[in-house]
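Q: what's the 3D shape of this:
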Amino acid sequence: MKKRKIAVWAIMLIFTVLYFNFSDNSVNIKAAAKPDARIVDYDSDSRTERFHYGRNIGESVNVTVIGDRDNINVTNVQFTSSDRSVCSVQREDDYYEINFLKEGTAVITMTCRADDEPVEKRLLASCLTSISSVEGKIKANSTAYRGCSDKEGISSKTTEVKDKITVSTDISIDGICKEYFRVWLKEGNFGDSGENWAYVKKQDVEIPLKDITVPETMNMYEGEEKDMDIQYVPSIATSHEVLWKSSNTNVVKVDENGKLSAGTIGSAVITVSCKNNEKIIKKCRVTVKPYIKVTGIKITPNDLNIDDGEEGKFNVEVFPEEASNKKYKIKVGNESIIDVDEKGEFMAITPGKTTVTVISEDGGYEDTCNVNVKFVEATGVWIQPTMIMAIGEVTQCNWNMIPTTASNQSVKWKSSNTKAVTVDKAGNCIAKSEGIAKIQIITDDGFTSYCTVMVKDYVEDISLEENDIKLSLGKSKTLKCNIYPKEATNKKLIWKSNNGNIVSVTNKGKIKALKTGEAEIFVYERNGGAYDFCFVEVKADLNTPKLTVKKKKKNYTLSWKKIKYATSYVLYQYNKKTKKYKKLKTLNSKTLKKKLGKAKKNSKYRLKAYYKPNDEYSVFSNVIKIK
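A: Alright, predicted model coming up:
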């Protein structure tokens, strides 16, 4: 009776456990069944959800959105960037391109509906300044992050922390983002991520100073103060502690920050040494010269008469020739009349009178040139004689006044056939439909010229129906492509193979596999430039051999039929010890028999055909067992 009670309690306990397990599972299944969507790489076979991206300035990544199961319908997808100056997002057909523009971080937010359920995901984009690899160490008790942020919840990942660093660890550094370094481990991975890269705060990284560079010589003037141009190697070294020393403090003094103060005329050697590495020592000879003051300045010419649009250069002299500071500024009275850069090069912009003044930095001496920009009369107008356009295209005719420097550049435009081509006030031609129109340009002075515009219905886009093709050696296939718009009347397709000895292609798009290997087939429309391409992989695709056996007296002979393209045949025999088939003999392509002689009872044989150029085998033949 006691045993029966125990059995009953055991059964009840089992049912109780099963009930709660099934109950939990039903909840989990229900939760898992809720439609969801994720951000994934567009250019990769991987469909792993992405929460972080780190890229260098100028790079981009392509992403798309898919359901977490194949049968989920994803709609209303939108991507936004929290800082478009750091990362912009734009749609491209069936994917979104994230462009990394300047150093910093941006949160990319994706919203969509998965089977009509609202979904929001966040991705942290870290935009880095790329640097040459630098060696360093992560300090003990530091944190490694997945992106350049320690703010939890900034992305949809469960945590932004990738690992906790317990001991000082060797790394290399190849990128900077604000207060973070992108680092790579010399050995191992960060935590259980399986990845050897992470982002670490600069304050948690030690980068030793390996060298310093200073100029070999410097010139200074009496009483002048100047900083020496010192470069640290690497530039991101975390310790910049150097010692400064002057061989003659009467000539040049140097403070603890490297500020040089020139004293009397003469020379002194400034020694710069690394505080933590006595082997790093550099020297610079500083020569102090007497300061020679500026006594005057002159601009040539003093009077300038030029045509509108004319270019040239002013000559500026500072006196005396050996003056210590020969810097000067240029001031234009009316910048709408003439443009002058810091080198004195000028261009006349519009008719009128103004002045150009040069002012010395030392002493404030001035000299002025009087400028007169003359009006230039137009004598005609030129426009390109012909132009071909596609429907929907917007472009501008090439034109210029005669002479090109004519002061009045104002013109008007007309079209003789606005059904084919319209033209706006800026001279932009808009192709409306097939046909011919004469575009007329008219100057304010009454000069006129014409451009004949022909509008054709060009192909805008081409799309091959297949992008990856596998073709057996010797086989042919005609490629099909879709043309947009379908009604395009002006089309001429050109077909090309980048590896014609492997895959040939005709002007009708028919490809033929000539040799094993890979090739790319391009199709493009000559007039409009639209194109597409596909990859073709050629294999021998050897047929499976069929083995037969004949017995004559006590001798056995294996035989098989010739396999197309086979360069040899490989015979295998079963090994009872290893329980595997072991290569017995390689036979040339002309051999279709193999004498076994007195074979052992129950021994087993199989055959493969082999194609050498592509190192390709057929599947195993049937098994022949000796009875």
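Q: can you give me how far the one helix or strand V536 maps to is from the chain middle?
A: For V536, the element it lies in under DSSP states H and E is strand 531-539. Averaging C-alpha positions (Cα atoms, centre = their mean, to the nearest Å) puts strand 531-539 24 Å from its chain's average.
Q: who's in contact with that strand?
A: Strand 531-539 is touched from outside by 462-464, 466-473, 479, 481, 502-503, 511, 513-525, 614, 616, with contacts defined as Cβ atoms under 8 Å, 6 or more residues apart in numbering. In this view, the C-beta of every residue, glycine as well, is placed from N, C-alpha and C.
Q: of the residues you listed, buried ones?
A: Neighbour counting by 16 or more other Cβ atoms under 10 Å classes 462, 464, 469, 471, 473, 479, 481, 502-503, 511, 513-514, 516-517, 519, 521-525, 614, 616 among those as buried.
Q: Low-confidence ranges, the stretch 451-600 of the chain, go.
A: 487, 489-490, 528 (pLDDT under 70).
Q: As a check, name the ranges of all strands in it.
A: Taking DSSP state E, counting those that start in this stretch as the criterion, the stretch 451-600 of the chain carries its strands at 461-464, 468-472, 476-478, 481-484, 493-497, 503-505, 510-513, 517-525, 531-539, 548-552, 555-559, 568-575, 580-588, 593-597.
Q: Let's have these in TSV, adding distance to Q90.
A: Output for the strands of the stretch 451-600 of the chain, formatted as TSV (distance: least, Cβ to Cβ, whole Å):
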stretch	distance to Q90
strand 461-464	18
strand 468-472	27
strand 476-478	36
strand 481-484	21
strand 493-497	30
strand 503-505	34
strand 510-513	35
strand 517-525	25
strand 531-539	22
strand 548-552	65
strand 555-559	65
strand 568-575	55
strand 580-588	56
strand 593-597	65
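Q: The nearest residue to V40 once chain neighbours are set aside: how many residues sit nearby?
A: In space, and not counting its chain neighbours, V40 is closest to R47: 5.0 Å by Cβ to Cβ, 6 or more residues apart in numbering. Residues near R47, counting by other Cβ atoms under 10 Å, number 11.
Q: before we move on, what about the one 4 residues further on?
A: Other residues near F51 come to 19 when the count uses other Cβ under 10 Å.
Q: what's the answer for S133, then?
A: If you count neighbours by other Cβ under 10 Å, S133 ends up with 10.
Q: ok, whichever strand or helix holds it: who's next to it in the sheet?
A: Counting by DSSP H and E, the element that carries S133 is strand 117-138. Neighbouring strands of strand 117-138 in its sheet, by DSSP bridges, are strand 52-56 (parallel), strand 104-114 (antiparallel), strand 169-177 (antiparallel), strand 205-206 (antiparallel).
Q: among those strands, which is nearest E160?
A: Among those, the nearest to E160 by Cβ to Cβ is strand 52-56 (8.3 Å).
Q: Which positions in that closest one come out as buried?
A: Buried residues in strand 52-56, counted by 16+ other Cβ under 10 Å: 52-56.
Q: Quick check: of these, which lies closest to K121?
A: H52 (12.0 Å).
Q: roughly how far apart are the residue nearest to K595 when sequence neighbours are not counted and K593?
A: Among residues not flanking K595 along the chain, T557 sits closest, at 5.1 Å (Cβ to Cβ, 6+ apart). As judged by Cβ to Cβ, to the nearest Å, T557 and K593 stand 6 Å apart.
Q: if you count what's nearby, which of these two comes out ahead?
A: T557 (15 against 11).
Q: residues touching that one, list them.
A: By Cβ under 8 Å, 6+ apart, the contact list for T557 reads 549-550, 593-596.
Q: from the residues you listed, which would you call buried?
A: For the contacts of T557, a neighbour count by 16+ other Cβ under 10 Å gives the buried set as 549, 594, 596.
Q: Kindly reformat those residues as JSON lines containing distance to I138.
A: Output for the buried ones among the contacts of T557, formatted as JSON lines (distance: Cβ to Cβ, whole Å):
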{"residue": "V549", "distance to I138": "68"}
{"residue": "K594", "distance to I138": "64"}
{"residue": "L596", "distance to I138": "66"}
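Q: From the residues you listed, pick the one nearest V61.
A: Distances from V61 to the buried ones among the contacts of T557, taken by Cβ to Cβ, are shortest for K594, at 56.6 Å.
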